[in-house]
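S.K.: below are the sequence and a predicted model for it; my questions follow.
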Amino acid sequence: MNGNAWMQREETGRTLPGACRWRVDIVRETQGFQVLRDEWRSLSEAGRARVFNTWEWLFGWHLHLGRQRRLFLLTVRDEAGVLAGVLPLSIEEQRWGGGRLRWLRFLGDDGVGSDYLDAILRPGDEAGIMGALAEALAATWREWDVLELSDMEEASPSVALLGAHCQSRGWNLESTGRNRCPYETFESGESFDTFLSRVARADNFLRRRRWLERQKGFALTKAEKPEELARALPEFFRLHALRWGGRSALDAPDVQTFHQAVVPLLAEAGRVRLYLLSVEGRAVASVYALLHGRTFSYYNAGYDPEWKARSVGLVLVGETFRDALAEGFSEYDFLRGVEAYKSDWTRRVRTTVRLRITRPASLGDWAVRAQALERAARGMLRDALPEEWLARLRRLKQWRRQGPLPTSAEGA
């Protein structure tokens, strides 16, 4: 039996025959995506998939941020018809060189900070399922020019398996580093006090927390049920906007609409939590956490700058670590970004990568090579220009994107 043979099912029911262990279907319509919910949940809970690969996150993204793309969602079933793998992709068309370039990309890869995007593969069958997916991608080559898989964990088995398939088929593979994600692991049964003994700012955390406890109306709350989250999410948005002054992508109306839609879906599966720290009846800090398997992920946060000197953000982060330990999570993941405060709590870092796969001498191949040359040229220009000029260029870029920056007098 040929484990790489496959069957493609279009919405019309037309199939490309091929008796095999694995059957690969292409889901191109929202309704087909929607009915996968329960099977997808079971598959993602059984394997190493992370929260950004869950049905809830990606279906919400498709509905609210991905409508400019065409669904190209590959599902793999075994001989019994059980869902064994999902490669959640979509096609985005862009103008390039007088023509149209078709990018085959992960769902959820834009605008919402999705880390560790990946194929969702049943444990123990990864190699066979990825082989069936590679066969399906090869058979549909007329539909795409570049397969771009962003923000995959560098250590993911999918990365190595895809690399091997590219080599065997003569496809070009470009791998580029993307983000660094600090995280911490816990020993089984580890207490919060034991964990604090290795935290750089433990004394500051304890001192600030004691001060806050003495303040009138001090409270720590967490929202998990849909009705609680509906009340807490606007507070999170408010505090996030205060912290970043409207400079965050999360402040965009369409991104907030996405979160308003996806949070109830995640809540139904027990995968989201919003923390609030309040003083005198008013929330002054918030953390948006995502939960999946044994991993507690710190997705985003915000606080009132008027309370910065009291380290309300530090205290609330510490309380989320306390919760993660008390509830038996084995890992706390800060996700993308190596901001200094994250290193106070963590000792480990993961790296994500972007893979670009093309066929030799194709339009996609030329486009990827041209972009690589452009990046190299920009790098050489940065190396050649004085730092003062680079600073002016950065300010000009920010001015074009956000409007004029305040002068030192205005910002004082």
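M.R.: Perfect, thanks for sending it. Quick caveat: nothing in here was measured; it's all calculated off a predicted structure.

S.K.: helices of the protein, residue ranges please.
M.R.: 30-34, 37-46, 55-64, 126-139, 157-169, 192-196, 202-213, 226-244, 253-268, 312-326, 340-343, 363-384, 387-402, 408-411 (DSSP state H).

S.K.: turn those helices into CSV, columns for mean neighbour count, mean pLDDT and distance to Asp333.
M.R.: C-betas here are computed from N, CA, C, even on glycine. Output for the helices of the chain, formatted as CSV (neighbours: other Cβ atoms under 10 Å; pLDDT from 0 to 100; distance: least, Cβ to Cβ, whole Å):
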stretch, mean neighbour count, mean pLDDT, distance to Asp333
helix 30-34, 14, 97, 26
helix 37-46, 16, 95, 16
helix 55-64, 22, 97, 15
helix 126-139, 21, 95, 22
helix 157-169, 16, 95, 18
helix 192-196, 15, 97, 15
helix 202-213, 15, 97, 19
helix 226-244, 17, 96, 19
helix 253-268, 17, 96, 16
helix 312-326, 21, 98, 10
helix 340-343, 14, 93, 10
helix 363-384, 13, 71, 29
helix 387-402, 11, 62, 29
helix 408-411, 7, 33, 34
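
S.K.: looking at those, which is nearest to Asp118?
M.R.: helix 157-169 (5.3 Å; Cβ to Cβ).

S.K.: residue contacts, Thr257?
M.R.: Residues counted as contacts of Thr257 (Cβ atoms under 8 Å, 6 or more residues apart in numbering) are His64.

S.K.: rerun at 10 Å
M.R.: Going by Cβ atoms under 10 Å, 6 or more residues apart in numbering, Thr257 touches 60, 63-65.

S.K.: nearest to Leu101 among those?
M.R.: Nearest member of the contacts of Thr257 to Leu101, counting by Cβ to Cβ, is Leu65, at 20.5 Å.

S.K.: need the helices of the chain in a markdown table (columns: distance to Glu92).
M.R.: Listed next are these as a markdown table, based on distance: least, Cβ to Cβ, whole Å:
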| stretch | distance to Glu92 |
| --- | --- |
| helix 30-34 | 16 |
| helix 37-46 | 22 |
| helix 55-64 | 12 |
| helix 126-139 | 16 |
| helix 157-169 | 20 |
| helix 192-196 | 43 |
| helix 202-213 | 44 |
| helix 226-244 | 28 |
| helix 253-268 | 16 |
| helix 312-326 | 35 |
| helix 340-343 | 32 |
| helix 363-384 | 13 |
| helix 387-402 | 22 |
| helix 408-411 | 38 |
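
S.K.: bridged to the nearest residue to Gly270 once chain neighbours are set aside, which residues?
M.R.: Sequence neighbours aside, Leu291 is the residue nearest to Gly270 in space, at 6.7 Å (criterion: Cβ to Cβ, 6 or more residues apart in numbering). Per DSSP bridges, the residues bridged to Leu291 are Phe296.

S.K.: can you tell me how far Leu291 is from Leu316?
M.R.: 17 Å (Cβ to Cβ, to the nearest Å).

S.K.: before we move on, what about Trp307?
M.R.: Counting by Cβ to Cβ - Trp307 and Leu316 are separated by 11 Å.

S.K.: not counting its neighbours along the chain, what's nearest Gln94?
M.R.: Leu101 (5.2 Å).

S.K.: what sits against the spatially most central residue of the chain?
M.R.: By Cα atoms, centre = their mean, the chain has its centre lying nearest to Ser114, at 1.2 Å. Neighbouring residues of Ser114 by Cβ under 10 Å, 6+ apart: 50-53, 57-58, 61, 106-108, 150-151, 335-336.

S.K.: now, among those, which is nearest to Thr346?
M.R.: For the contacts of Ser114, the nearest to Thr346 is Leu335 (11.2 Å; Cβ to Cβ).

S.K.: thought Asp323 was touching Thr221?
M.R.: No: using Cβ atoms under 10 Å, Asp323 is not in contact with Thr221, being 11.8 Å away.

S.K.: mind listing the shared neighbours of Trp307 and Leu316?
M.R.: 212, 277, 284-285.

S.K.: which one of those sits closest to Ser362?
M.R.: Nearest to Ser362 among the shared contacts of Trp307 and Leu316, with distances taken as Cβ to Cβ, is Ala285, at 50.5 Å.

S.K.: could you check how far that closest one is from Trp40?
M.R.: Taking Cβ to Cβ, one finds Ala285 at 34 Å from Trp40.

S.K.: now stretch 132-142, how far from the centre of its chain.
M.R.: 25 Å (Cα atoms, centre = their mean, to the nearest Å).
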